[in-house]
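[1] Structure for this input, please:
(2 chains)
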Amino acid sequence: MAGSGTAHMRNTVDAVLTVRDLTVEFRTGRDKVVRAVSGLSFDVIKGETLAIVGESGCGKTTLARAVLQLPPPNSGEVVFDGTDLTTLPKENLRSARTSMQMIFQDPISSLDPRMTVQQLIDEPLEIWGRGDRAERAERINNLLNNVGLDPELVLNRRSYEFSGGQCQRISIARALALDPRMLICDEPVSALDVSIQAQILNLLQDMKDRFGLTMIFISHDLAVVKAVSNRVIVMYLGKICEVAPPETLYAKPAHHYTKALLDSVPVADPTRQRKATLLQGEPPSPMNPPTGCRFRTRCNAASAMCAEQEPQLREVAPGQFVACHHPIS
Amino acid sequence: MRSYSKPTLLAIGWLGLMLFFALFGWILPFKEWNYVFEDDLEMGLFSSGHILGTDSNGYDLLASIVAGTRMSIFIAVAAVGLGGLIGSVLGIFSAYVRGKVDTVMVTLFNVGLSVPNLVLALALVSVLATNVDINQAVPTWRRVMVLIISLTIILIPILGRIARGATMSWAGREFVTAARSMGMKDIKIITKHIVPNVLPALIAVAFLAVGVVIIAEASLSILGVGIPDGASWGGMIARGRNDLEYAPHTLYVPLFFLALTVISTNHLGDVVRSKLDSREAKV
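    The predicted model follows:
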């Protein structure tokens, strides 16, 4: 699967972010290279929520950080608002990055335990000298109100006095402080209780509507993704398997990996018989990925061709693109 | 208000007393430490006029202890302060930058740690604190300086490694990435986010290091390369050693002060560390 190809690119002027052929590699030894993201392309249109799903270690987080140039990718382009961030000088990058903010998976470790909420949210404002002290205080109050926290109660407390959900709210307030155009959420709810997850998802949706944000939403939880996204990219071992709107993807997955992922979602029905064959084994090491289609070693439909030729993304239904030689029809 | 356990209070009290001796010992109505009481040789503990007795040369032990405190504490604090400063700057920088700089730094730290402390100090002191003309005595201030420098060199890798390790763990946290994504400069990230978080771990180790330095300084004095003429605790021990059979208290008195001080600093180091751990667990 896992193929390359650009058939799914919409090439429109409305694209806020266009990523082309992004590659991220890490050196882990003398000749060992981990290919975390291998030649990935996608675009995000203004106001859209793009979800990226895939199992642990498939390169989702690396991809998100590479978009922010933290660290910069090894090759490829990241065009945000018409500027390629990969070629931007350091100082310009510093300011360009502020219109893209990130929400992290671990709500507690994303806040400095030594700082009060006031200082945490003031930090981005202070760096860029947005307003004087009084204006900033006003802004901090507004932001906290927006994310559903009472400024009076929280301003002088530190992160360890809050629950995970509250910490995530603070992170969101901090991320919004610089009026970003895009929010990159890296598994923002996977560390939270299910009841809190819904609250945070609603909050993100709410903020998105209110401030006209564009979002990249990374998750391994398909139910969560279904609720928030307009378009889903399924990733496996640093490559794209399938791109589709969530309704299509959930109703009619075309890639064998997408199907396996959907089948692995537990259904609250003890009488239901499992007919799906679950994926066997572990994903191969990204240090030494399989030839051709990267998913072939765990795929039931794999043929000789899969080992030789890398499948390219092609459209199998309107808006649904799949990188597979033998898509499910 | 936090409550402290009894041993902790004792340790704080003892160190406070030592600090007082070191800073204000000279205003106390004690005798001159290097005045020889020719009529009061080898007096025992609690003798009239000499609470801690005198040694075989007629020096008043209490006065010597108070004077020695100044030297021992001054050397320890100076060495730990200097070593801590240099070590943590190097450690934090190399852990933050990573890559080749870090590899080189770790190698240097390991080389420094692999040489036994005393041997290194002995070598440094004997090279730096000698006169070409062996008949001319090396001035005390120069020996003190050399002692501080060599103890600092010993401490740099010890404290530097701690700083490096702590920085590694904090720099990997997501709030550092968040700070970068909002456009904070690296220097500011280090001073605002890394240093305040690394500091508690460094302070805990610095307490332990003070103990190590006091012992090292005493050991060097006993070996005859430290502060001459018994102006420090180690020097007193070195002198008292000869009188062990006849006047054991001349040896035990400085040993007692040395041991209690080192136990106190070690204990306080542990307290700081455990306070840190519980805070970390809450985080």
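[2] ranges for the strands of the stretch 151-300 of chain A?
    Assignment of strands within the stretch 151-300 of chain A using DSSP state E, counting those that start in this stretch yields the ranges A:182-186, A:214-219, A:231-236, A:239-244.
[3] Figure out which of those is closest to chain B.
    Closest approach to chain B among these is made by strand A:182-186 (8.6 Å; C-beta to the nearest C-beta). C-beta: built from backbone N, CA, C; applies to glycine.
[4] Output the contacting helices and strands for that closest one.
    Packing partners of strand A:182-186 (3 or more C-beta pairs under 8 Å, 6 or more residues apart in numbering or on different chains; DSSP states H and E): helix A:60-67, strand A:100-103, helix A:194-211, strand A:214-219.
[5] so what strands line up beside it?
    Using DSSP bridges, the strands paired with strand A:182-186 are strand A:100-103 (parallel), strand A:214-219 (parallel).
[6] Return the residues of chain B in contact with chain A.
    Listed as neighbours of chain A in chain B under the rule C-beta under 8 Å from any C-beta of the partner chain: B:173-175, B:177-185, B:188, B:193, B:196-197, B:279, B:282-283.
[7] what about the stretch 101-250 of chain B, any weak spots by pLDDT?
    B:131-136, B:228-230 (pLDDT under 70).
[8] Tell me which stretches of it form helices.
    Secondary structure of the stretch 101-250 of chain B (DSSP state H, counting those that start in this stretch): helices at B:117-128, B:140-171, B:174-181, B:186-189, B:195-222, B:233-240, B:249-282.
[9] among the residues of chain B next to chain A, which ones are buried?
    Among the residues of chain B next to chain A, the ones that count as buried by 16 or more other C-beta atoms under 10 Å in any protein chain shown are B:173-175, B:177-184, B:193, B:197.
[10] Most widely separated two among the residues you listed?
    Greatest spacing in these, by C-beta to C-beta: B:Gly183 and B:Asn197 (20.6 Å).
[11] ok so, going back, taking the helices of the stretch 101-250 of chain B together, which one is wrapped up most tightly?
    Greatest average neighbour count among the helices of the stretch 101-250 of chain B goes to helix B:233-240 (a mean of 26), per mean count of other C-beta atoms under 10 Å in any protein chain shown.
[12] Only alpha carbons, please: show that helix as PDB.
    Output of helix B:233-240 as PDB, limited to C-alpha atoms (Å, rounded to 0.1, in the frame of the first residue of the first chain):
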ATOM      1  CA  TRP B 233      39.600  20.700  59.800                       C
ATOM      2  CA  GLY B 234      41.700  18.400  57.600                       C
ATOM      3  CA  GLY B 235      44.800  20.200  58.900                       C
ATOM      4  CA  MET B 236      43.700  19.700  62.500                       C
ATOM      5  CA  ILE B 237      43.200  16.000  61.800                       C
ATOM      6  CA  ALA B 238      46.600  15.700  60.300                       C
ATOM      7  CA  ARG B 239      48.200  17.300  63.400                       C
ATOM      8  CA  GLY B 240      46.100  15.400  65.800                       C
END
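[13] burial count for A:Ala177?
    For A:Ala177, the number of neighbouring residues by other C-beta atoms under 10 Å in any protein chain shown comes to 26.
[14] surely it meets A:Pro124?
    Yes. Under the criterion of C-beta atoms under 8 Å, A:Ala177 makes contact with A:Pro124 at 4.6 Å.
[15] so which residue of the stretch 151-300 of chain A comes closest to chain B?
    For the stretch 151-300 of chain A, C-beta to the nearest C-beta, closest residue to chain B: A:Tyr160, 4.7 Å.
[16] That residue: neighbour count?
    By other C-beta under 10 Å, 14 other residues sit near A:Tyr160.
[17] quick revisit: want to try TSV for the helices and strands packed on strand A:182-186, with mean neighbour count and mean pLDDT as columns?
    Shown next, in TSV, are the helices and strands packed on strand A:182-186 (neighbours: other C-beta atoms under 10 Å in any protein chain shown; pLDDT from 0 to 100):
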stretch	mean neighbour count	mean pLDDT
helix A:60-67	22	91
strand A:100-103	27	92
helix A:194-211	15	91
strand A:214-219	25	93
